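In: Whatever this is, show me its structure:
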Amino acid sequence: MKIIADSAIPFLRGVLEPFAEVEYLPGTAISAADAHDADALVIRTRTRCDEALLAGSRVRMIATATIGFDHIDRAWCAEHGIEVTTAAGCNARGVLQWVGAALAHLARTQGWEPAERTLGIVGVGHVGSLVREYAAAWGFRVICCDPPREEREHCGFRPLEEVAGEADILTFHTPLDDTTRHMAGRQLFARMKPGAVVINSSRGEVVDGDALLASGLDCALDVWEHEPHLDPALLAHALLATPHIAGYSEQGKANATAMSVASLARRFGFPLEGWYPPEAAPATPRPIGWQELCATIGKAYDIGAESRRLKERPGDFESMRDHYAYRREYF
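Out: Numbers count the residues shown, from 1 in each chain. Sure thing, here's the model as predicted:
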């Protein structure tokens with residue numbers, strides 16, 4: 001059998017070769033001709049998987065080493081018997097630590113303590129649940145919005161408009177689909193307090209960038225509409241700006257690769273159950289207090305320095321992502 005893999009997926013080389021022919025290609029370069037005689041694809045967000053790529057191929061599985069899936073036409077794949085798996089939750093703690101770094105930076109530069117701020121969380125899944133847990137422990141008043149979970153579980157989550165109206169900081173942790181595209185737009189921003197901060201580390205299109213800029217609200221953005229072509233005005237306006245690397249921790253990347261390998265092993269019978277990259281030691285989650293976070297996060301991840309780099313060299317957006325030195329998770 002044959003597997004086409006994105007050459008930028010870490011820790012993968014040599015793992016599948018005993019059981020399949022593996023061809024590594026840049027994600028943006030994977031073509032219909034490449035996919036034609038492949039049985040499986042292991043990809044990232046840079047490979048658009050749809051009829052144009054897959055029609056007439058023998059692909060029967062797509063494993064994306066990402067939490068998102070908006071680059072895959074899942075309906076078309078389902079109609080044509082192609083199984084799709086994601087690495088949902090793989091980098092949740094990496095994103096948590098990016099959010100922690102952003103909050104610590106904002107607190108220091110704006111001069112506030114968590115007890116003085118209401119944090120609104122939109123999307124309470126793998127990442128949002130962790131942000132909720134840690135932010136509450138840090139002393140924030142936390143309010144949450146997650147309509148799908150509220151409909152299923154009746155857990156007391158509140159409507160988006162209410163959360164936006166009360167939040168001093170509004171952070172987005174939703175997937176991108178037809179219900180979330182531009183969910184944060186002109187009408188929502190008009191409900192927010194003057195001086196409120198919008199944080200987005202989910203998908204760029206969840207937030208209407210033009211409307212955000214027009215609102216005058218402060219923001220901290222890791223994801224952007226039209227990546228890698230950033231709006232220069234929004235980039236300049238953002239208090240913090242990073243190149244879509246919130247989840248780029250060593251453990252997050254290792255988890256994503258391991259989950260993709262596990263999917264292939266299950267589907268094709270490879271004897272790789274429980275495989276994890278030996279180069280990456282799993283993190284040990286632990287509680288961390290606000291004072292310890294503020295004292296230590298800069299050594300683990302200097303978000304201010306990274307923001308300055310992107311603002312100075314926005315044209316290097318893709319290069320910054322592709323050559324990123326993965327952070328180690330430490331809580």
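In: So what does Glu17 look like in phi/psi?
Out: Here is the backbone geometry of Glu17 (degrees, to the nearest 10): phi -60, psi -30.
In: nope, Asp34 is what I meant
Out: phi -70, psi -40.
In: Grab the nearest non-local neighbour of it.
Out: For Asp34, the nearest residue in space outside its immediate sequence neighbours is Ile4; the separation is 5.6 Å by Cβ to Cβ, 6 or more residues apart in numbering. For glycine as for every other residue, the C-beta is placed from the backbone atoms N, C-alpha and C.
In: which phi and psi does the one you found have?
Out: Torsion angles, degrees, to the nearest 10, at Ile4: phi -100, psi 130.
In: How many residues are close by it?
Out: Residues contacting Ile4 under the criterion other Cβ atoms under 10 Å number 26.
In: residues in contact with Met192?
Out: Taking Cβ atoms under 8 Å, 6 or more residues apart in numbering as the definition of contact, the neighbours of Met192 are Ala164, Gly165, Ala167, Leu170, Val198, Ser215, Leu217.
In: Now intersect those residues with the helices, please.
Out: Assigned to helices by DSSP state H, the following of the contacts of Met192 qualify: Ala164, Gly165, Ser215.
In: Can you convert those residues into JSON lines and add a column each for neighbour count?
Out: Conversion of the ones in helices among the contacts of Met192 to JSON lines gives the following (neighbours: other Cβ atoms under 10 Å):
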{"residue": "Ala164", "neighbour count": "24"}
{"residue": "Gly165", "neighbour count": "18"}
{"residue": "Ser215", "neighbour count": "20"}
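In: any chance of these in a markdown table, with distance to Cys77 and pLDDT too?
Out: Formatted as a markdown table, the entries for the ones in helices among the contacts of Met192 read as follows, by distance: Cβ to Cβ, whole Å; pLDDT from 0 to 100:
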| residue | distance to Cys77 | pLDDT |
| --- | --- | --- |
| Ala164 | 35 | 98 |
| Gly165 | 39 | 98 |
| Ser215 | 38 | 98 |
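In: Just give me the closest of these to Thr180.
Out: Ala164 (14.2 Å; Cβ to Cβ).
In: Isn't the closest one up against Leu188?
Out: Yes. Taking contacts as Cβ atoms under 8 Å, Ala164 lies within contact range of Leu188: 5.3 Å.
In: Would you map the strands across the stretch 201-331 of the chain?
Out: Counting by DSSP state E, counting those that start in this stretch, one finds strands in the stretch 201-331 of the chain at the ranges 218-221, 240-241.
In: Out of these, the one nearest Pro148 is which?
Out: Using Cβ to Cβ and comparing these, the one that lies nearest Pro148 is strand 218-221, at 24.2 Å.
In: Now mean neighbour count, distance to Arg309 and mean pLDDT too, for the strands of the stretch 201-331 of the chain, in JSON lines please.
Out: Written out in JSON lines, the entries for these read as follows (neighbours: other Cβ atoms under 10 Å; distance: least, Cβ to Cβ, whole Å; pLDDT from 0 to 100):
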{"stretch": "strand 218-221", "mean neighbour count": "23", "distance to Arg309": "14", "mean pLDDT": "98"}
{"stretch": "strand 240-241", "mean neighbour count": "24", "distance to Arg309": "9", "mean pLDDT": "98"}
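In: Tell me which of those strands lies nearest to Glu306.
Out: With Cβ to Cβ as the criterion, Glu306 lies closest to strand 240-241 of the strands of the stretch 201-331 of the chain, at 8.5 Å.
In: residues in contact with the closest one?
Out: Counting contacts by Cβ under 8 Å, 6+ apart, the residues touching strand 240-241 from outside are Ala102, His105, Leu106, Ala220, Leu221, Leu235, Ile303, Gly304, Ser307, Leu310, Lys311.
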